[in-house]
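**Q** task: produce atomic coordinates for the following.
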Amino acid sequence: MDCTDAKALAARLMRDGIGARHEDPFEQMFADAVLSEDVRPAGRLARTTDLRAARKILLTGATGFLGGALVQELLDTTSATLVCLVRSKQGRLQPAQDRIQILEGDLSHPRLGLSDARYEQLAGDVDAILHCGAAVNWVFPYSGLRASNVLGTLELLRLACRRGLPFHFVSSLSVCYSTDGARVADEHFDGLTALRGVHLGYAQTKIVAEALVRQAGERGLPVRIYRPALISGHSVTGAFNRDDLICALVRGCVAMGTAPDLDWNLDCEPVDRVAASIVRLSRARGPVFHLGHERPRHWRECVLWMRMYGYDVRLVSYHEWLRQLERETRPATAGGAAHPLRPLRSFFLERPAGAGGLTLPELYEERRRVRATGVATRALLRRTGDVAVPLDAPLLEKYFGAFRAAGDLPDPSCAGISAECALHPLSLDSAFFSRLLNTPISGVEILGTGSDHSIVSELTAWRSRRTSGLFRVRLTDGNGGTRDAMAKVKARDSDVVAVGEALAGLVDGPVGREYRRFSDRIGFAGSHAREIAIYRQRDPRFRRHAPALLGSMADDSTDTWVAAVEYVSDAVLSDAAGLSTWRPSHIQNAVDGLAALHGIWLGRDTELRAQPWIGYVQSASGMSEMVPLWGALADHAFPLFSSWADPDLVTIHRHLVARLDEWWPALESGPRTLIHNDFNPRNVCLRGPNATLCAYDWELATLGAPQRDLVELLCFVLPADCTLDDVTRWIEQHRLALARERGDDIDPELWLEGFRSALYDVLINRLSIYAVVHRVRRQPFLPRVVRTWRSLYQLFPLERPA
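**A** This next block holds a predicted model:
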């Protein structure tokens, strides 16, 4: 007997299935998580855990997806010989230049399925163990994976302890995804403390195996634990794991024409990046590392990209999708046995005991699971020079190209990318900026992009096949001086419109149909030329309240539309996330600046309409024609808006749409001017010691009622408990300031009527469109803004007291 006390004996009996059976499956797991007392390092410990210093490494899982990438990384970055434990020598692993030795064995067997002699030889021959092998299955319970994933780890720990070998264990970030315990899990998180909130058998085995590795480390064995997130395809070749959950889900959604509307963050890392990170981190102290992406993407963003690529996939409620999945994967259904999601049928459909009637995918939604973070690991990787691979549209295109080449996806059924594939490529280099600014530029450094905040911009750039978006750049002139600037590179308006149509069609069928019908009236038509023309204005009021234009280019023949403006380094107030910093003095400055901007084109309606860049100008008759769209948007926004404000909001919303002909004409009959039409802290800031208004992002500007910009600003900067006196103050200040600009009085009653109508318009024609974007990429400001709108409507209702 190798059990030195009663505790170890009880654990061994439980592990071997001896003794009483218990109904609680977690008792087996907790018993398995106790490391036998005899598993202790003997002899002198290794001086380093760095895999790059090892002479010979025992690698498990070498024939797997990550294991194969680790083989390549170790061959490329170390001089070590790899001893690869595999079940069969007939596998796909091939010896390479005498540096790969294939050893036939089995993790689920005692002593790894090796003879005594071979086991002893192995123990004395290798000087590091990298344990990547595991039975990966999204359906099997703990008991079905225990032998390979738990007992196999125990056998390898015994082997490592023979000579105190460094033990590198590849676990999974899923050990953190518990519905119990703390809401945030960093590298110090111990999954065993929240085990009962984990319902995936694979994750349970990794938690128990980690516990064994930790205890071995506490006894002196040098150990490292790596927790990768979901592992995606190779970042260069696109090579993928056909059996992976996400690959199967993508194939299944394309086949079904629908995707489940789940609140999932797809925390994925390309397989080659995970392998490189493991090797790079192997010398760090750890002992635990989180290998998640610094900027994960939402599942809905992935589905939107699929639609942009050309697959006609719609988001539907999860339970509606489950019913479709259940029908289509029945064995009796034609094609059911070959359905891509047939092997994962029980993963999606079964409801684990103790999970509150939820399925596993629902348990992994953001609001239910622990949020795993990896700040410490990312800091270590940055010090090694590691550069993250963005989870963006070009990478997804590479993956889908690989899927199609392998026959795992059909060709898209409709056009995705632009037919004009970058006939005139654009490089943001010194030569380009020298032409743009008409001055010698010797160096360009791109400091950041705006695509982190705009999924429309990101997908537009991908679709157009050209550089586009917002870039913060540092320019070096001929004398060595530097200056920061913002370069806005515009895509053709048709590409922006196509992204909007794809987004609308994804989230809701009626919204998609009506949006496509009226897409030329939404505001994006002509946007590629409009913003540049507006920035070229020479009116001193515009120059005071907008970033300085450094240079611009508008060349239809080469599809080049660029505006470079100053980087506003002295901003004292910006961003839409919060309102606590918007004091009355700030709102006053913003309203005064807004009135100055409105004064530029006030009373020049005919001249403004004649500008070639103005685009579609909304009218009362046009708004009436678009009622089917406004109604569809109201129906789509109902669940969100009602949960954020109150259930009456849906009735108000539909009532405003139905009576649009009564209130919208006030926006056409009163004073009109060039309005920003997106006037909120996402696109404006206050700058300098005097907190002067500075407005940017003018692409949606149009001819309209000036009250429209004021309403939008107030929805963003006023609290939900604002009073009538608060709001009236800003209405009057805007009216009086604009009257001074005009040199004539503005009727207060007509002005107030226009404010009311603008308030109603903001709900049906702005906030409801934000709700569509929110379905795919969360807009943190939106719930608060909707609540403030509801409070403003309480003060200015359509139905007025007698």
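**Q** tell me where the stretch 501-650 of the chain has helices.
**A** For the stretch 501-650 of the chain, applying DSSP state H, counting those that start in this stretch gives helices covering 509-517, 527-535, 540-544, 584-601, 605-609, 620-625, 627-644, 648-658.
**Q** closest to G144 out of those helices?
**A** Smallest distance to G144 across the helices of the stretch 501-650 of the chain (C-beta to C-beta): 38.9 Å, for helix 627-644. Using the backbone N, CA and C atoms, a C-beta is placed for each residue, glycine as well.
**Q** and the closest one with helix 509-517, angle?
**A** Using axes from the mean of the first three to the mean of the last three C-alpha atoms, to 10 degrees, the inter-axis angle of helix 627-644 relative to helix 509-517 is 130 degrees.
**Q** could you check the angle helix 648-658 makes with helix 627-644?
**A** Computed by the same axes, to 10 degrees, the angle between helix 627-644 and helix 648-658 is 170 degrees.
**Q** ok, back up a step: of all the helices of the stretch 501-650 of the chain, which lies closest to V473?
**A** Ranking the helices of the stretch 501-650 of the chain by their distance to V473 (criterion: C-beta to C-beta) puts helix 527-535 first, at 16.5 Å.
**Q** quick one: distance of the closest one to the chain centre.
**A** 29 Å (C-alpha atoms, centre = their mean, to the nearest Å).
**Q** wait, which of the helices of the stretch 501-650 of the chain is closest to L58?
**A** Among these, the nearest to L58 by C-beta to C-beta is helix 627-644 (53.2 Å).
**Q** can I get the closest one in CSV, CA atoms only?
**A** Taking Å, rounded to 0.1, in the frame of the first residue of the first chain, the C-alpha atoms of helix 627-644 are listed here in CSV:
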residue,chain,number,x,y,z
VAL,A,627,-43.6,54.4,-40.7
PRO,A,628,-43.2,50.7,-41.4
LEU,A,629,-39.5,51.0,-40.5
TRP,A,630,-40.2,53.1,-37.4
GLY,A,631,-42.8,50.5,-36.3
ALA,A,632,-40.5,47.6,-36.8
LEU,A,633,-37.7,49.3,-34.8
ALA,A,634,-40.2,50.0,-32.0
ASP,A,635,-41.2,46.4,-31.8
HIS,A,636,-37.5,45.3,-31.8
ALA,A,637,-36.5,47.8,-29.1
PHE,A,638,-39.5,46.9,-26.8
PRO,A,639,-37.8,44.2,-24.7
LEU,A,640,-34.7,46.3,-24.1
PHE,A,641,-36.4,49.7,-23.5
SER,A,642,-39.0,48.2,-21.2
SER,A,643,-36.4,46.5,-19.0
TRP,A,644,-34.3,49.7,-18.8
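**Q** ranges for the strands of the stretch 401-550 of the chain?
**A** All strands of the stretch 401-550 of the chain, identified by DSSP state E, counting those that start in this stretch, fall at 441-449, 469-477, 482-490, 549-555.
**Q** make JSON lines out of the helices of the stretch 501-650 of the chain and add distance to L750 and mean neighbour count.
**A** JSON lines is the format used below for the helices of the stretch 501-650 of the chain (distance: least, C-beta to C-beta, whole Å; neighbours: other C-beta atoms under 10 Å):
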{"stretch": "helix 509-517", "distance to L750": "32", "mean neighbour count": "18"}
{"stretch": "helix 527-535", "distance to L750": "27", "mean neighbour count": "22"}
{"stretch": "helix 540-544", "distance to L750": "24", "mean neighbour count": "14"}
{"stretch": "helix 584-601", "distance to L750": "16", "mean neighbour count": "20"}
{"stretch": "helix 605-609", "distance to L750": "16", "mean neighbour count": "12"}
{"stretch": "helix 620-625", "distance to L750": "16", "mean neighbour count": "15"}
{"stretch": "helix 627-644", "distance to L750": "24", "mean neighbour count": "20"}
{"stretch": "helix 648-658", "distance to L750": "20", "mean neighbour count": "18"}
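**Q** can you redo those as TSV with distance to Y770?
**A** Supplementary listing: those in TSV, determined by distance: least, C-beta to C-beta, whole Å:
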stretch	distance to Y770
helix 509-517	13
helix 527-535	18
helix 540-544	27
helix 584-601	20
helix 605-609	27
helix 620-625	18
helix 627-644	9
helix 648-658	13
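**Q** which among these is found nearest to G233?
**A** Between G233 and these, the tightest spacing by C-beta to C-beta is seen for helix 509-517, at 29.6 Å.
**Q** okay, G374 and Q794: tell me how far apart.
**A** Distance, G374 to Q794, using C-beta to C-beta, to the nearest Å: 45 Å.
**Q** and those two? Which one has more around it.
**A** Neighbour count, other C-beta atoms under 10 Å: between G374 and Q794, G374 has more, with 23 against 12.
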